[in-house]
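Engineer: generate a structure from the sequence data that follows.
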Amino acid sequence: MASWSLVPCLVTLRSEFNQVAPGRDKSSDGSIGDTAHAQSSSDHNPDETGSTPYEDADSINEVHAIDVDRDLRTPGWTMPKAVEIIVVRHRQGRDDRLQNVIYNRRIWSRSWGWTARAYTGSNAHTQHAHFSARYTTAQERDTRPWGLLEAEEDDMATITQSDFNARMDAWWNSRMSPNAEDNPQRAALRVAPWQQTVGRTGRSTHEVVFTDMLALLQQAAGVDPEQAAKQLLAGLDDQAVLDAAAAALADPERSSEQTAAMLRTALGDRAQEVGRLLAG
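Structural biologist: Now for the predicted structure:
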């Protein structure tokens, strides 16, 4: 059986990558597997060959995986950001079409709630991201948007951990010497805010601490920095934190992104507590 097709949901995903990154590198793109894949069970093999992890209900010879080159060549877009948007949508139950995602020695799977695990396969997937679709008919045929275009249209609503890390790194490097020692607060902020939810709100600390805090900063424009900090940190009886927040708000030449990054660094492990207060 020589002819094959890609499941429709992945056709849409590949098309969406092409729309957000029209000039992207495609040298590591792929769908149907090579002869090496054919020797083992792989989502890159057409599903009527018997060499796939699962079977679907139809008799169409379909491939259930694509690889997308990591080099998107588009300002504001990286593969870590794209992977994060897609994985988070699945983790939140907003999408259910994928079985797993593999990128840069990590794998996320619906089998364990879309948390990251180390990937130890022979291909580390450092040159491309791998997306495997489920074998259920409804998911195969679902061609709804994947969230990348939505993120492009409303960047503030979909700031990812990788976005924040890049901005924090830029801020850090612009103010510290290249050999400046990192600090525990900065290291924690690279991971913790995006892995927790705030109380019973169902919102991540990313949404609450960053987006809400940035909104408050924008509202506080022109307000006395100390007064703005007191409003922001109402209920936190900690003068040192208050002073750090006031310093973060004090420079009118600092961009809102830089200010937010400085606030996160100043707050350290108090950021989650601020998030709970902002969530009410």
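
Engineer: where are the low-confidence patches of the stretch 1-150 of the chain?
Structural biologist: By pLDDT under 70, the low-scoring segments of the stretch 1-150 of the chain are 1-2.

Engineer: give me phi/psi at Asp67?
Structural biologist: Asp67 adopts backbone torsions of phi -110, psi 140, taken as degrees, to the nearest 10.

Engineer: got a list of what it touches?
Structural biologist: 28-31, 125, 128-131 (Cβ atoms under 8 Å, 6 or more residues apart in numbering). Where you see a C-beta, it was placed from the backbone N, CA and C, and this is true even at glycine.

Engineer: tell me the one among those nearest to Trp114.
Structural biologist: Set against Trp114, the nearest of those by Cβ to Cβ is Phe131 (12.9 Å).

Engineer: give me the neighbour count for that closest one.
Structural biologist: 26 (other Cβ atoms under 10 Å).

Engineer: now it: which helix or strand?
Structural biologist: Using DSSP states H and E, Phe131 falls within strand 128-133.

Engineer: tell me the buried residues within the contacts of Asp67.
Structural biologist: Neighbour counting by 16 or more other Cβ atoms under 10 Å classes 30-31, 125, 128-131 among the contacts of Asp67 as buried.

Engineer: and the furthest pair within those residues?
Structural biologist: Applying Cβ to Cβ across the buried ones among the contacts of Asp67, the maximum distance is between Ser31 and His125, 15.0 Å.

Engineer: break the chain into its domains for me.
Structural biologist: Structural domains annotated on the chain: 5-152, 159-279, as defined by automatic domain parsing.

Engineer: dump the strand holding Phe131 to PDB, restricted to CA.
Structural biologist: C-alpha atoms of strand 128-133 as PDB (Å, rounded to 0.1, in the frame of the first residue of the first chain):
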ATOM      1  CA  HIS A 128      12.800  20.000  15.200                       C
ATOM      2  CA  ALA A 129       9.700  19.500  17.400                       C
ATOM      3  CA  HIS A 130       7.700  16.300  17.000                       C
ATOM      4  CA  PHE A 131       3.900  16.300  17.300                       C
ATOM      5  CA  SER A 132       1.900  13.000  17.400                       C
ATOM      6  CA  ALA A 133      -1.800  13.000  16.900                       C
END
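
Engineer: got the contact list for whichever helix or strand comes after that strand?
Structural biologist: Next helix or strand after strand 128-133 toward the C-terminus (DSSP H and E): helix 137-141. The set of residues external to helix 137-141 that reach it, using Cβ under 8 Å, 6+ apart, is 7-9, 56-58, 62, 64, 96-97, 133-134.
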